[in-house]
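# Next input, structure requested:
(chains A and B, ligands or ions: 1)
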Amino acid sequence: MSLPPGVTERDFNLALRQFELAVGREWVFTSDEDVALYRDAYSPFWNEPEDRVASAAVAPQSVEEVQAVVRAANEYRIPIYPISTGRNLGYGGSAPNLSGSVVLDLKRMNRVLEVDDRNHYAVVEPGVSYFDFYRHIQERGLKVWIDCPDPGWGSVIGNALDRGGGYTLGMYRNHFEAHCGIEVVLANGEVLRTGMGAMPGAKTWQQYRSGVGPYIDGLFSQSNFGVVTKMGFWLMPEPEAFRSGVVGVPRHADLVPLVDTLNYLENTGQMTGMPFLGSPVLSANMAGVDASPDTVSREPPLTLTASPEDFDAYTKRNKVPAWTVELRFYGAPEVVDAQWAAAKRRYAAAIPGATFTDLARYEMPLSEEQLQQVHKVAFGIPNLSIFSLGARSEMNPTPTSGHVWFSPIVPRTGEAVFEAQRVLSAAVADLDTPLIGLVALPSTFWTRAFIFIIGFPISHDVEANRKVRAAFEKVVRISAEHGWGEYRTAPAFQDLVMSTYSHGDHVLRRFNEALKDAVDPNGIISAGRYGIWPRHLRKP
Amino acid sequence: MKTKIRYCGVIAMILQGVSGISHAADQDLRATGKQVFDRWCVHCHGDGPEYPGTVALQALYKGAKPALLERRTDLAPAITGQFVRNGVSIMPFFRKTEISDAELAALAAYLAPR
Ligand SMILES: Cc1cc2nc3c(=O)[nH]c(=O)nc-3n(C[C@H](O)[C@H](O)[C@H](O)COP(=O)(O)OP(=O)(O)OC[C@H]3O[C@@H](n4cnc5c(N)ncnc54)[C@H](O)[C@@H]3O)c2cc1C
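Model prediction:
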């Protein structure tokens, strides 16, 4: 058993005794074998001394138990690291930022406390996974959908706190932004409720976000100011219908009006689903492409180094669009039909030669057969099919042991996409490491910015992982030079990424540190999370 | 002699009873194991091309062994335990707050050869 840094064996044992009194002996894990289960399965430091490992883990089942554990930790200055379901794979898994921390595993707090399908919200505990949440709603026949990320086993709260995203309507896809009301245990053991929840007997905790005074909810995401024990989330009522279609545009330069028109449609609320960008020129299996009969039996795809002229010649020769965008609509049947018609009209006016392909049109509820065909997460149905990425298959006989995601935020314009394609593909071209996926087009989780999401493969080979870390660092720095910041990152890179948000001589980080010193003076909670170190661990 | 016969009968009854109970207990264990499988494993090891665990095992064994874990006849309990607690390739390991030792034992019994 390892000790937390700076803690004596005596104090650690006394704290563990307190933890046992709080949660029961069975739920305090100290054996090497049990504690090893809190490693990051996709760690870029696998088998290296810097790998982040816990000293113990404790798993409370109620807010009161969390309070008791936090109080004991505060008394003995034990660093603790709360996780909800601990499935943050690609962004750090269940391992703490600071080795030797005690992981506060909230998986056992797994109650769905409320689902209201008249005002369309829910209140959940941290251990509730998207699978649990979905099952709860289905079993009761409630007419609300959830918005889930690709992996369904994550936590509704944990994902939101790391500011993850999903696939349905714009207003639900950003999971932290779709929350309403947080309950959090502070480092001194007090329970704070945000928004309307601060008023005893409040009747609108999940209906009005900000309450009165400073709106502090954001402080509890990507941070270390408390242990979140409840969160409310806004849910989408089950829509009557879904419809999707693909717009294709003929020329390389058409990406600019394609994105501008997309922004118009999304920001006016005419296209409410998650759009998908594609290019038959760059890849045969990008969104929407397979829907077009014109895309079969053609030349091999081009790479990003192709000039716009090569691009345009290719599209003419092969009679394929240069770029595509799949649009998705949710709502009443006649409304989604009208929205698609209006989108086509607008694209036709903006881009000469634009083509349109109807994809799917469903009325809810989906039949069993339709359920098998659809992109499940777009219908709020949790699953794990995304794990085919990097897994062994006929096409990929040598699977990886995981990956870390590099995911910079880029402006939502065609020009910015061209620049990012040029800069990022040049940056990765001479890297001594393979990538998962293509640096071709950004993801569209957020309605106001693009994210490029690029996976770096992790292995159990120390040398290969070293190269990945060096490569990762390089792309973070190059991106920052171009004004593109990461939206989220693994603990291994949090100091680095935070250091790129350096405006005003790092005043943002210093402000976070000042808050940390004020609300958690002993620095017990998630030390180092997103570059926020408590005073005694801060590097000068 | 009589006593002996009676005694044997009692033993037989006890044995029958015990094996009856152990059979029921075994069935319960397997039923719990099936629940664990449906909660934790089926999302990757279900039947179809959208299940990455099944696809991976198909690519690995190329039909020499069934790609579906539930069809395997060679999964000794220790093997299931090894994969659940150590993971493999992109499959991570599972903590005891997710799959407890008792649940793992049930899962292993469910997947074990009968
Ligand atoms: C193949 C693949 C695809 C993925 N696709 C997506 C995707 O589509 N969208 C997406 O968002 N992510 C995606 N991810 C990333 C990740 O797996 C998910 O975001 C996952 O939901 C995060 O893990 P979790 O929900 O278990 O959160 P946790 O691991 O429980 O929490 C994440 C972090 O938040 C903090 N935290 C959690 N709970 C608390 C609490 N109660 N109090 C204080 N702090 C807390 C901790 O620092 C913790 O480490 C993907 C990963 C992989 C491997």
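
# Check which helices and strands the helix or strand hosting residue A:69 sits against.
According to DSSP states H and E, residue A:69 maps onto helix A:63-76. Contacts defined by 3 or more CB pairs under 8 Å, 6 or more residues apart in numbering or on different chains; DSSP states H and E place helix A:63-76 against helix A:9-23, strand A:80-83, strand A:102-105, strand A:179-185, strand A:227-234. (Glycine included, C-beta is placed from N, CA and C.)

# Point out the other elements, helices or strands, that the third one touches.
Translated: strand A:102-105. If contacts are counted by 3+ CB pairs under 8 Å, 6+ apart, strand A:102-105 sits against strand A:56-58, helix A:63-76, strand A:80-83.

# quick one on the thing from earlier: do the helix holding residue A:69 and the ligand meet?
No: Helix A:63-76 stays clear of the ligand (CB under 6 Å from any ligand atom), getting no nearer than 8.8 Å.

# Next, the angle from that helix to strand A:179-185.
Relative orientation of helix A:63-76 and strand A:179-185, computed by axes from the mean of the first three to the mean of the last three CA atoms, to 10 degrees: 50 degrees.

# Send me helix A:63-76 as CSV with only the CA atoms.
The C-alpha coordinates for helix A:63-76 follow below in CSV (Å, rounded to 0.1, in the frame of the first residue of the first chain):
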residue,chain,number,x,y,z
VAL,A,63,-24.5,12.3,0.8
GLU,A,64,-24.0,11.9,4.5
GLU,A,65,-21.3,9.3,3.9
VAL,A,66,-19.6,11.6,1.5
GLN,A,67,-19.6,14.3,4.1
ALA,A,68,-18.1,12.0,6.7
VAL,A,69,-15.4,10.9,4.4
VAL,A,70,-14.6,14.5,3.2
ARG,A,71,-14.5,15.7,6.8
ALA,A,72,-12.1,12.9,7.8
ALA,A,73,-9.9,13.6,4.8
ASN,A,74,-9.8,17.3,5.7
GLU,A,75,-8.9,16.5,9.2
TYR,A,76,-6.0,14.3,8.2
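
# re the thing from before, now the helices and strands packed on helix A:63-76 as TSV including distance to residue A:52, mean neighbour count and mean pLDDT?
Formatted as TSV, the helices and strands packed on helix A:63-76 follow (distance: least, CB to CB, whole Å; neighbours: other CB atoms under 10 Å in any protein chain shown; pLDDT from 0 to 100):
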stretch	distance to residue A:52	mean neighbour count	mean pLDDT
helix A:9-23	18	18	98
strand A:80-83	9	29	98
strand A:102-105	10	28	98
strand A:179-185	23	24	98
strand A:227-234	19	25	98
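
# And the residue of chain B that's closest to the ligand?
In chain B, the residue found nearest to the ligand is residue B:90; the distance is 7.5 Å by CB to the nearest ligand atom.

# Local confidence estimate at that residue?
Looking at residue B:90, its pLDDT is 94.

# again with residue A:388
So, for residue A:388, pLDDT stands at 89.

# What residues does the spatially closest residue to it that is not a sequence neighbour make contact with?
Of all residues not flanking residue A:388 in the chain, residue B:52 sits nearest, at 4.2 Å (CB to CB, 6 or more residues apart in numbering or on different chains). Applying CB atoms under 8 Å, 6 or more residues apart in numbering or on different chains, we find residue B:52 in contact with A:384-385, A:387-388, A:391, A:393, B:44, B:90.

# 6 Å - rerun?
For residue B:52, the contacting residues are A:387-388, A:391, B:44, by CB atoms under 6 Å, 6 or more residues apart in numbering or on different chains.

# Closest one of those residues to residue A:465?
Nearest to residue A:465 among those, counting by CB to CB, is residue A:391 at 18.8 Å.

# Specify the local secondary structure of the closest one.
Assigned by DSSP: H, G, I helix; E, B strand; the rest coil, the conformation of residue A:391 is coil.

# Just the contacts of residue B:52: which are in helices?
residue B:44 (DSSP state H).

# Which ones among the contacts of residue B:52 also lie next to the ligand?
The subset of the contacts of residue B:52 within reach of the ligand, by CB under 6 Å from any ligand atom, is residue A:387.

# any chance of the contacts of residue B:52 in CSV, with neighbour count too?
Output for the contacts of residue B:52, formatted as CSV (neighbours: other CB atoms under 10 Å in any protein chain shown):
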residue, neighbour count
A:387, 23
A:388, 20
A:391, 19
B:44, 24
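
# Out of the contacts of residue B:52, which comes closest to residue B:75?
Nearest to residue B:75 among the contacts of residue B:52, counting by CB to CB, is residue B:44 at 15.5 Å.

# quick one: the closest one and residue B:88, what's the gap?
Relative to residue B:88, residue B:44 is positioned 11 Å away (criterion: CB to CB, to the nearest Å).

# pretty sure residue A:270 is in contact with residue A:341, am I right?
No: Residue A:270 is beyond contact range of residue A:341, at 10.5 Å (criterion: CB atoms under 6 Å).

# neighbour count winner among those two?
Applying other CB atoms under 10 Å in any protein chain shown to residue A:270 and residue A:341 shows that residue A:270 carries more neighbours, namely 17 against 12.

# For that one, list the residues it contacts.
A:339, A:342.

# one step back: how many residues are close by the residue of chain B closest to the ligand?
Using other CB under 10 Å, residue B:90 has 25 other residues around it.

# One more: residue A:220?
22.

# In contact with whatever residue of the stretch 201-350 of chain A ends up closest to the ligand, which residues are there?
Closest contact between the stretch 201-350 of chain A and the ligand, by CB to the nearest ligand atom, is at residue A:228 (3.7 Å). By CB under 6 Å, 6+ apart, the contact list for residue A:228 reads A:157, A:182, A:184, A:220.

# Compute the distance between it and chain B, please.
Here residue A:228 is placed at a distance of 17 Å from chain B (CB to the nearest CB, to the nearest Å).

# same question, residue A:348
As judged by CB to the nearest CB, residue A:348 and chain B stand 36 Å apart.

# Can you tell me the closest non-neighbouring residue to that residue?
With CB to CB, 6+ apart as the criterion, residue A:348 has its nearest non-adjacent residue at 5.5 Å, and that residue is residue A:354.

# got it, and residue A:90?
Sequence neighbours aside, residue A:405 is the residue nearest to residue A:90 in space, at 4.6 Å (criterion: CB to CB, 6+ apart).

# helices or strands up against the stretch of helix or strand the one you found belongs to?
Secondary structure assignment for residue A:405, by DSSP H and E: strand A:403-406. With contacts taken as 3 or more CB pairs under 6 Å, 6 or more residues apart in numbering or on different chains; DSSP states H and E, strand A:403-406 sits against strand A:454-457.

# who does the strand it packs on touch, helix- and strand-wise?
The elements that strand A:454-457 packs onto, with contact taken as 3+ CB pairs under 6 Å, 6+ apart, are strand A:403-406.

# ok, 8 Å please
Short answer (3+ CB pairs under 8 Å, 6+ apart): strand A:454-457 packs on strand A:403-406, helix A:462-481.

# Could you see whether the ligand lies near the first one?
Spelled out, it's strand A:403-406. No: counting by CB under 6 Å from any ligand atom, the ligand has no neighbours in strand A:403-406; the shortest distance is 6.7 Å.

# Check which residues of that strand are buried.
By 16 or more other CB atoms under 10 Å in any protein chain shown, the buried positions in strand A:403-406 come out as A:403-406.

# Following the chain past the strand or helix carrying residue A:242, name the next helix or strand.
Using DSSP H and E, residue A:242 falls within strand A:241-249. Of the helices and strands lying after strand A:241-249 in sequence (DSSP H and E), the nearest is helix A:255-267.

# Can I get stretch A:527-538 as CSV, trimmed to CA atoms?
What follows is stretch A:527-538, C-alpha atoms only, in CSV (Å, rounded to 0.1, in the frame of the first residue of the first chain):
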residue,chain,number,x,y,z
ALA,A,527,-5.3,18.3,-6.4
GLY,A,528,-3.9,19.3,-9.8
ARG,A,529,-7.2,18.9,-11.7
TYR,A,530,-7.0,21.1,-14.8
GLY,A,531,-3.8,22.7,-13.6
ILE,A,532,-5.3,23.9,-10.3
TRP,A,533,-2.9,22.9,-7.6
PRO,A,534,-3.3,23.6,-3.9
ARG,A,535,-0.8,26.0,-2.4
HIS,A,536,1.5,23.4,-0.9
LEU,A,537,1.9,21.5,-4.2
ARG,A,538,2.2,24.6,-6.5
